[in-house]
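Engineer: with the sequence up front, the predicted model follows.
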Amino acid sequence: MTDLTKEQQTEFEAAAFRRLVAHLRDRTDVQNIDLMNLAGFCRNCLSNWYREAAEETGVPVTKDQSREIVYGMPYEQWKTLHQNEASEAQKAAFDTNNPHK
């Protein structure tokens with residue numbers, strides 16, 4: 001692979017992040033619990049990582065602000081519009097696969 005400058009690497013990583021966020025905003029049919037069960041992370045994890053990265057550089061970002069960046073709207077609004085109650089099977093899979101145990 002071609003050697004990348006630090007700026008190029010950051011630019012490409014940022015583009016990939018923006019594309020992932022856009023994809024997750026479009027795929028409102030995919031529930032966070034499904035993402036957690038399959039991949040071990042969800043939209044909330046992504047927003048937490050964003051907030052933590054900002055705070056590491058001294059930029060204060062609240063939990064609500066970082067969630068709005070990822071969800072494209074306030075989290076409570078997204079939940080009302082798109083979040084379904086998890087099924088018993090989804091909950092059981094989460095209990096089995098929970099990476100935060």
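Structural biologist: Here it is on my side, so go on.
Engineer: going forward, measure contacts and count neighbours with C-alpha atoms only.
Structural biologist: Will do.
Engineer: can you tell me how far the nearest residue to Pro60 once chain neighbours are set aside is from Gln65?
Structural biologist: Counting by C-alpha to C-alpha, 6 or more residues apart in numbering, Pro60 lies nearest to Ala54, which is 6.6 Å off, once chain neighbours are set aside. Here Ala54 is placed at a distance of 11 Å from Gln65 (C-alpha to C-alpha, to the nearest Å).
Engineer: ok, now Tyr50?
Structural biologist: Going from Tyr50 to Gln65 by C-alpha to C-alpha gives 10 Å.
Engineer: swap in Leu81?
Structural biologist: Leu81 sits 18 Å away from Gln65, going by C-alpha to C-alpha.
Engineer: higher neighbour count, the two?
Structural biologist: It is Gln65, of Leu81 and Gln65, that has more neighbours when counted by other C-alpha atoms under 10 Å, with 17 against 10.
Engineer: now the more buried one, what's its secondary structure?
Structural biologist: helix (DSSP: H, G, I helix; E, B strand; the rest coil).
Engineer: any idea of the pLDDT on it?
Structural biologist: Model confidence at Gln65, given as pLDDT, is 98.
Engineer: Asn97 too?
Structural biologist: At Asn97, the predicted lDDT confidence score is 84.
Engineer: doesn't Asn37 make contact with it?
Structural biologist: Yes. Counting by C-alpha atoms under 8 Å, Asn97 does reach Asn37; the two are 6.2 Å apart.
Engineer: so the two - more neighbours on which side?
Structural biologist: Counting neighbours by other C-alpha under 10 Å for Asn97 and for Asn37 shows that Asn37 has the greater number, 20 against 15.
Engineer: report the longest helix in the protein, please.
Structural biologist: In the chain, with assignment by DSSP state H, the single longest helix is helix 6-26.
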